[in-house]
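Chemist: here is a sequence together with a model predicted from it:
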Amino acid sequence: MTTVAPVALRRQVEVMIDGQAVTTWQGATILEACRDVGIEVPTLCYLETLAPVNVCRVCVVELEGSRALVPACSRPVAAGMVVHTGSERVRTSRRMVLELLASSVDLSTAGGDVHRWIDEYGARPDRHGEAAPPSARDRAHAGHHEPLEGGLVATVAQPVKRDNDQYVRDYAKCILCYKCVEACGEEAQHTFAIAVAGRGFDARISTEMDVALPESACVYCGNCIGVCPTGALMFVSEHELRARGEWDESRQEVTSTICPYCGVGCTLELHVQDNRIVKVTSPLDHDVTSGNLCVKGRFGFEFAQGDR
Ligand code: SF4
Ligand code: SF4
Ligand code: FES
């Protein structure tokens, strides 16, 4: 995570954003400056608890004096910057990103903002043509991606990976935002059970040598699930309820409690539907967990409802 100087030592800078003078802290990003004054900038790979990886490019803005559009999530402000967040160039770029993602990835369980942005930016994923059937992406060789015959559109569709009792990996829903890799690795867990394999369109999230999760280094902390923005990584309980058409967030209550397993005292958010815990999260802004848990806090809830 970025190291931030104490407030007393941080200098203020003034920038112009969409014609508005904005005063913010030196070291803040353009995204933070925008959010301070209520300007929405879409983000997909950004999360406040992770260092920016700059891979989705949906947050780009126009910076006067810069030839290329710049990612708002990682570019720090500098005094006198002039930024445009809604120019035609910006909108075209974001539309293209959203359209390519929506034409190749199943976004059905992605957050509502993604679908709103697709509408607001006028992305038309259907215009690319008919989607190709699922493929064996885990067998793809780098540099061997060929255009499909018959005008079919390549997608990341592939069978769901269900190889353990805790969570399901449905990479047909993966936008390759890297958040799970970061949470599993340097940013939180330091387990490094997953990484990006392959290149270009064939790039995908994989365990080492594509082994099943129980044979991998995974310790089932579920921190990857906690940061996944699309539902590609999902509790088995949620996956099964969705498959039966019974997942209903409007009937769920979220109760905050303290994990009973050890003295760290992580805050847990128990998501309860029909008197059963269906998933467990922790708040991103919690100063003990930053949203991260261990296997006991994340998945050890069966005893409370007599499942194990
Ligand atoms: S559950 Fe934890 S250890 Fe396993 S892949 Fe996800 S982040 Fe890594
Ligand atoms: S599985 Fe989820 S968190 Fe991981 S890269 Fe794909 S969309 Fe991002
Ligand atoms: S949110 Fe900025 S590059 Fe993805």
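Modeler: It's in. For clarity, every value in this text was computed on a predicted model and none was experimentally measured. Ligands and ions are numbered 1, 2, ... in the order given.
Chemist: output the below-cut-off pLDDT ranges for this protein.
Modeler: For the chain, applying pLDDT under 70 flags the ranges 1-9, 143, 307-308.
Chemist: can you point out the buried residues in the longest helix belonging to the chain?
Modeler: Ranked by residue count under DSSP state H, the longest helix found in the chain is helix 88-104. Buried residues in helix 88-104, counted by 16 or more other Cβ atoms under 10 Å: Val90, Ser93, Arg94, Arg95, Val97, Leu98, Glu99, Leu101, Ala102, Ser103, Ser104. Yep, even glycine has a C-beta here, placed from its N, CA and C like the rest.
Chemist: and which of the residues you listed is nearest ligand 2?
Modeler: The nearest member of the buried residues of helix 88-104 to ligand 2, counting by Cβ to the nearest ligand atom, is Leu101 at 10.1 Å.
Chemist: leaving aside the residues next to it on the chain, what's closest to the closest one?
Modeler: Leaving out its chain neighbours, the residue that sits closest to Leu101 by Cβ to Cβ, 6 or more residues apart in numbering is Ile175, at 5.5 Å.
Chemist: quick one, what contacts the one you found?
Modeler: Ile175 makes contacts with Leu44, Cys56, Leu101, Val105, Leu107, Ala110, Pro229, Thr230, Ala232, as judged by Cβ atoms under 8 Å, 6 or more residues apart in numbering.
Chemist: and it, its phi and psi?
Modeler: Note on Ile175: its backbone torsions stand at phi -100, psi 10 [degrees, to the nearest 10].
Chemist: state the distance from it to Asp165.
Modeler: 26 Å (Cβ to Cβ, to the nearest Å).
Chemist: again with Leu293
Modeler: As judged by Cβ to Cβ, Leu293 and Asp165 stand 17 Å apart.
Chemist: higher neighbour count, these two?
Modeler: Leu293 (25 against 11; other Cβ atoms under 10 Å).
Chemist: the more buried one contacts Val227, correct?
Modeler: No - counting by Cβ atoms under 8 Å, Leu293 does not reach Val227; the two are 11.9 Å apart.
Chemist: the helices in the stretch 1-150 of the chain, which residues?
Modeler: Along the stretch 1-150 of the chain, counting by DSSP state H, counting those that start in this stretch, helices occupy 30-36, 88-104, 112-120.
Chemist: which of the ones you listed sits closest to Val196?
Modeler: Comparison of the helices of the stretch 1-150 of the chain against Val196 by Cβ to Cβ identifies helix 88-104 as nearest, at 16.1 Å.
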